[in-house]
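In: Compute the structure for the input listed below.
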Amino acid sequence: MKRADCIKALYPELEDRLVVTIMGACAQELYDLGHRENFFYLEHAMGLASSIGLGLAISLPHEKVVVMDGDGSVLMNLGGLATLARYRPPNLTHLIFDNGSLLSTGGFASHTTSGVTDLAAIARGAGCPKVSLVQTVYEFMEAAADAFEGDTMTTIVAKVEAVGPDHYGMDMSLPENGFRFARYIKERQK
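Out: Predicted coordinates:
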C-alpha cells in the first residue's frame, strides 16, 4: 500500500477538518492533491505534528482535527503518544504512515523496518483509546471512516511502502501557510 493512495482516497473527507501534516513526503503528497486553507504542513519540526494537533483539538473542541504523521516523526517524539493518551480529545484522529524509513531525510531505515518496533502496540501501551493497524487502502479507509464518525480519539497505523513523491517543493513558505491557517481558523470561529 502506498501512502499517496491513502491520502488521495481520504482527501475528499478532509474538507471540513483541520489537517496538520508532518514535513516531507506526507506533506508533499497532500499538497500535490490541491492545497486547502485548512491544511497546515509542519515543516522543519519533525516529531511535533501530533503536539500541534493535540493543541488544536483541545482548544477547539467543536472542530475535527486530523494529524498525518510518519513513523520517523513518531519515533522522534514517543512521549507524544503518552500525552495524546492522557488528554485523548475525542475530536482528534492521528494517522501514522509507517514506511519503515526516514524517507524524507535520506531513506535510512527506521526502528520499525525490522518489525521489532510496533507503533500500534506502543500507542496501545501509551494508553491511546482506539488504535488500528491497517495494511490495505480499504482497511485504511474503513478505519478512517470509523474514526471520523466516532467520538473517540483514534490512532491509525498504516503500513505503507517506502516510496515518496517524485519531487519536493511547495510554492508556499511555512510562515505564509501558518498565517493563512490561523486566519482560516479565526474565520470559522465567527
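In: Phi first, then psi, for the residue lying closest to residue 35 once chain neighbours are set aside.
Out: By the measure of Cβ to Cβ, 6 or more residues apart in numbering, the closest residue to residue 35 outside its immediate chain neighbours is residue 172, 6.9 Å from it. From N, CA and C alone the C-beta is placed, and that goes for glycine too. Listed backbone geometry of residue 172 is phi -140, psi 130, with angles given as degrees, to the nearest 10.
In: Residue 172: neighbour count?
Out: Applying other Cβ atoms under 10 Å, we find 12 residues neighbouring residue 172.
In: likewise residue 167?
Out: 7.
In: re earlier: right, and the residue nearest to residue 35 touches residue 39 too?
Out: No - counting by Cβ atoms under 8 Å, residue 172 sits too far from residue 39 to count as a contact (9.9 Å).
In: which residue is nearest the middle of the protein?
Out: Ranked by distance to the mean C-alpha position of the chain (Cα atoms, centre = their mean), the top residue is residue 68 at 1.1 Å.
In: Does that residue lie in a helix or a strand, and which?
Out: strand 65-70 (DSSP states H and E).
In: Show me the contact partners of that strand.
Out: The contact list for strand 65-70 (Cβ atoms under 8 Å, 6 or more residues apart in numbering) reads 7, 14, 17-22, 24-27, 30, 49-50, 52-53, 56-57, 89, 91-99, 103-104.
In: Give the other helices and strands that the worst-scoring helix or strand of the chain on mean pLDDT contacts.
Out: Lowest mean confidence among the helices and strands of the chain (mean pLDDT, DSSP states H and E): strand 108-109, at a mean of 78. Secondary-structure packing of strand 108-109 (3 or more Cβ pairs under 8 Å, 6 or more residues apart in numbering; DSSP states H and E): strand 101-102.
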